[in-house]
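**Q** Below are the sequence and a predicted model for it; my questions follow.
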Amino acid sequence: MVYDLFLFDLDDTLLDFKESERRSFVTVLKNLGVQDGLDELYRFYQIENRKLWTLFEEARTSKEHLKVERFRRVFEAFKIEADPAKASDHYLETLPETVVLMDHAEEICQWLADRGEIGIITNGMHAVQMKRIENSKLAPYISFTSVSEECGYAKPDVRFFEHSAKMARKFHKDSAVVIGDRMETDILGARNFGLRSCWFNPEKTQHNYSFQPDYEISHLSEIQNILKK
């Protein structure tokens, strides 16, 4: 199979979102005068943030509510007297400045851009994601970016993938492949839309989903081996 459209998830696929998130969260809390227990605070934030994103992906909450509610829950649980809305604004201002690339991300994007078109498909906030791409070294290789906030639907919703397909220079299902780290959004969404998929699984974790990706890799550099076959 010859592919000429590579649809990449952004966070924890090309960009190390976990590290960017941690740095930004710590910056916000330190600016609020919180110096101790930051690791515990961050672990709690991650849990609540993931719950809220799951609700958003299921269309059970809004992006605006999510942005503030995750900080409100942290502040309430740890009795921090601060405005969660202001903390959220500061966090979103800081996040684009803490871009960390995944290993081999720049090299693989350069290699793929010479062989086809790269599109980003991400469940994120449009202004933040665009700024993060701009601040990374990947922008020259990316043809378009499809963001759930702009689309109005989130992965794995088929309507998000329909929106993304319209942004490509040319689109054929047989020559497009989705590369992402989350089975429940990237791989399921690709399957529902009739696209082949590649699961980026650096931790080599097991899954219990009824569906399977077409390919599985633990390092981005392995994409070259798949395509060369």
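**A** That came through, no problem.
**Q** hmm, which helix or strand of this protein has the shakiest average pLDDT?
**A** Lowest mean confidence among the helices and strands of the chain (mean pLDDT, DSSP states H and E): helix 222-228, at a mean of 87.
**Q** Can you show me the CA trace of that helix as PDB?
**A** Below are the C-alpha coordinates for helix 222-228, written out as PDB (Å, rounded to 0.1, in the frame of the first residue of the first chain):
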ATOM      1  CA  GLU A 222       9.500   2.700  12.800                       C
ATOM      2  CA  ILE A 223       7.000   4.400  10.400                       C
ATOM      3  CA  GLN A 224       9.800   4.300   7.800                       C
ATOM      4  CA  ASN A 225      10.000   0.600   8.000                       C
ATOM      5  CA  ILE A 226       6.200   0.200   7.600                       C
ATOM      6  CA  LEU A 227       6.100   2.500   4.500                       C
ATOM      7  CA  LYS A 228       9.100   1.000   2.900                       C
END
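**Q** Show me what it packs onto, helices and strands only.
**A** Contacts defined by 3 or more C-beta pairs under 8 Å, 6 or more residues apart in numbering; DSSP states H and E place helix 222-228 against helix 105-113, strand 215-217. Just so you know, the C-beta spots here come from the backbone N, C-alpha and C atoms, and that holds for glycine as well.
**Q** which residues are contacting it?
**A** With contacts defined as C-beta atoms under 8 Å, 6 or more residues apart in numbering, helix 222-228 is touched by 3, 108, 111-112, 115, 179, 198, 215, 217.
**Q** Mind giving me the PyMOL select for those, buried ones only?
**A** Filtering the contacts of helix 222-228 down to the buried ones (16 or more other C-beta atoms under 10 Å) takes a single PyMOL command:
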select buried, resi 3+108+111+112+179+198+215+217
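**Q** Just the CA atoms of the one helix or strand residue 54 maps to, as PDB, please.
**A** For residue 54, the host element (DSSP states H and E) is helix 38-57. Provided in PDB are the C-alpha atoms of helix 38-57 (Å, rounded to 0.1, in the frame of the first residue of the first chain):
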ATOM      1  CA  LEU A  38       3.300  20.100  43.300                       C
ATOM      2  CA  ASP A  39       3.700  16.500  42.200                       C
ATOM      3  CA  GLU A  40       0.600  15.500  44.100                       C
ATOM      4  CA  LEU A  41      -1.300  18.500  42.800                       C
ATOM      5  CA  TYR A  42      -0.300  17.600  39.300                       C
ATOM      6  CA  ARG A  43      -1.300  14.000  39.600                       C
ATOM      7  CA  PHE A  44      -4.700  15.000  40.800                       C
ATOM      8  CA  TYR A  45      -5.000  17.600  38.000                       C
ATOM      9  CA  GLN A  46      -4.200  14.900  35.400                       C
ATOM     10  CA  ILE A  47      -6.900  12.600  36.700                       C
ATOM     11  CA  GLU A  48      -9.600  15.300  36.700                       C
ATOM     12  CA  ASN A  49      -8.400  16.700  33.400                       C
ATOM     13  CA  ARG A  50      -8.700  13.200  31.800                       C
ATOM     14  CA  LYS A  51     -12.200  12.800  33.200                       C
ATOM     15  CA  LEU A  52     -13.300  16.100  31.700                       C
ATOM     16  CA  TRP A  53     -11.700  15.400  28.300                       C
ATOM     17  CA  THR A  54     -13.600  12.100  28.200                       C
ATOM     18  CA  LEU A  55     -16.800  13.900  28.800                       C
ATOM     19  CA  PHE A  56     -16.000  16.400  26.100                       C
ATOM     20  CA  GLU A  57     -15.200  13.600  23.600                       C
END
